[in-house]
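Colleague: Sequence plus the predicted model coming up.
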Amino acid sequence: MKKRLKLTHLTGIASLFTGALLLVFVSCSKDDSNEVELTTAEVMSATELQFSDETDLIADEIMGIAEDVYATEEIASTSKGDYSSDYLLDCVAVTVTLEKGMRAVILDFGDRCELPTGNVLGGRVYLSYALDLAAASNSVELTLEDFTFNDVSVEGDATIVRVRSNENGNPQGTANATFVATWPNGETASFTGTRTREWIEGFGTGFWGDNVFLITGKRTYVSRAGNEFVKEVIAPLRRELSCRFIVSGIMDISRLGNTVRLDFGDGSCDAKGVLTYADGSEEEVYLRRFRK
């Protein structure tokens, strides 16, 4: 694999939300003999919302790395010209071995390797996929070893079904993944579920900053406090690699039968989101994708 060093750095902004906001619903039972009345069923606290968004970023970036590596090999093998991607810099040691029709790739980020997006990675990512890169689809197996993401230790694996051209004519990867993240203070959170990422802009240019993706899917998130949430994308989430945050899209977050809706915005690159409660009331919140 060829890599090209590009001295472009993202200077993202990440606003911190410091309130003690709790997202709550009131549920009243019509039949007290059969149901337990709930007065305040907590859906997700502001702190949980912020760490949840960080966990989503970790999972999406790990699988995004895998897809970038695969896409680089795919384009290089099917085009006549020379092609390389600038997403993985020279601090990543890439080892490729071929055996029995499979391609095994080891990405070694060492102790500290900063990507153009500003995220700092360590440890190793192992990828395996069939050699036939001209196939309409291929399956990429991903595992981690001693892996860290912005000082968060991450364990887990994923299977990504990569499609060269979906119904819109765009490359697409659908991943089934399970990741467990452990922060430096020992607290953990986990992510399990399916996410589909459609590559709608920037494919094949070799420049990381013009890549744009639409993300859909449904996942189960277990927070640091041990609370379990179901997060389902209702309107595709738009991720532009030049921005640290999701710039638009809608997600439902559910717990204990209660749901809030999170709207990521109008396309602006900022940390703001709008929560809509069951009664239709709205509140602006701030997300956090690591301190920068």
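Modeller: Thanks, I have it. Numbering: from 1, shown residues only.

Colleague: thought Val125 was touching Met63?
Modeller: No - contact criterion CB atoms under 8 Å: Val125 and Met63 do not qualify, at 10.0 Å. C-beta coordinates here come from the backbone N, C-alpha and C atoms, glycine included.

Colleague: what touches both of these two?
Modeller: Leu142 (CB atoms under 8 Å, 6 or more residues apart in numbering).

Colleague: wait, what's in contact with the closest residue to Asp111 other than its chain neighbours?
Modeller: Spatially, and ignoring its direct neighbours in sequence, Asp111 is nearest to Gly122 (5.4 Å; CB to CB, 6 or more residues apart in numbering). Taking CB under 8 Å, 6+ apart, we find Gly122 in contact with 109-113, 146-148.

Colleague: Need the buried ones from those residues selected in ChimeraX.
Modeller: The ChimeraX selection below is limited to those of the contacts of Gly122 classed as buried (16 or more other CB atoms under 10 Å):
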select :109,113,147,148
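
Colleague: Restricted to strands, list the contacts of Gly122.
Modeller: The members of these that map onto strands under DSSP state E are 113, 146-148.

Colleague: Output those as a markdown table; include the columns distance to Glu198 and pLDDT.
Modeller: Below are the ones in strands among the contacts of Gly122 laid out as a markdown table (distance: CB to CB, whole Å; pLDDT from 0 to 100):
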| residue | distance to Glu198 | pLDDT |
| --- | --- | --- |
| Cys113 | 27 | 95 |
| Asp146 | 31 | 98 |
| Phe147 | 26 | 98 |
| Thr148 | 28 | 98 |
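
Colleague: So which of the residues you listed is the closest to Val69?
Modeller: The shortest approach to Val69 among the ones in strands among the contacts of Gly122 belongs to Cys113, at 14.2 Å (CB to CB).

Colleague: Got phi/psi on Glu61?
Modeller: phi -70, psi -40 (degrees, to the nearest 10).

Colleague: Quick check: closest non-adjacent residue to it.
Modeller: Nearest one to Glu61, counting by CB to CB, 6+ apart, is Asn119 at 6.2 Å.

Colleague: Now for that neighbour: which residues touch it?
Modeller: Counted by CB under 8 Å, 6+ apart, Asn119 has contacts 61, 149-150, 290.

Colleague: will you turn those residues into a markdown table that also has distance to Ile200, pLDDT and neighbour count?
Modeller: As requested, the contacts of Asn119 are arranged in a markdown table below (distance: CB to CB, whole Å; pLDDT from 0 to 100; neighbours: other CB atoms under 10 Å):
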| residue | distance to Ile200 | pLDDT | neighbour count |
| --- | --- | --- | --- |
| Glu61 | 18 | 92 | 18 |
| Phe149 | 25 | 96 | 24 |
| Asn150 | 26 | 95 | 21 |
| Phe290 | 25 | 77 | 19 |
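
Colleague: Distance of Trp208 relative to Gly257?
Modeller: From Trp208 across to Gly257, the span is 41 Å (CB to CB, to the nearest Å).

Colleague: any chance you could map the helices in this structure?
Modeller: Listed in chain order, the helices of the chain (DSSP state H) span 46-78.

Colleague: Out of the helices and strands in it, which is least certain?
Modeller: strand 22-27 (a mean of 36; mean pLDDT, DSSP states H and E).

Colleague: Just the C-alphas of stretch 247-257, formatted as PDB.
Modeller: Included here for stretch 247-257 are C-alpha records, laid out as PDB according to Å, rounded to 0.1, in the frame of the first residue of the first chain:
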ATOM      1  CA  VAL A 247     -23.700  17.900  10.800                       C
ATOM      2  CA  SER A 248     -27.200  16.700  10.200                       C
ATOM      3  CA  GLY A 249     -29.600  13.800  10.600                       C
ATOM      4  CA  ILE A 250     -32.000  12.500  13.300                       C
ATOM      5  CA  MET A 251     -31.600   9.700  15.800                       C
ATOM      6  CA  ASP A 252     -34.100   8.200  18.300                       C
ATOM      7  CA  ILE A 253     -32.700   7.200  21.700                       C
ATOM      8  CA  SER A 254     -34.900   4.900  23.800                       C
ATOM      9  CA  ARG A 255     -34.700   3.400  27.300                       C
ATOM     10  CA  LEU A 256     -37.400   1.700  29.500                       C
ATOM     11  CA  GLY A 257     -40.000   2.300  26.800                       C
END
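
Colleague: picking that back up, residues in a beta bridge with the residue nearest to Asp111, which ones?
Modeller: Thr148 (DSSP bridges).
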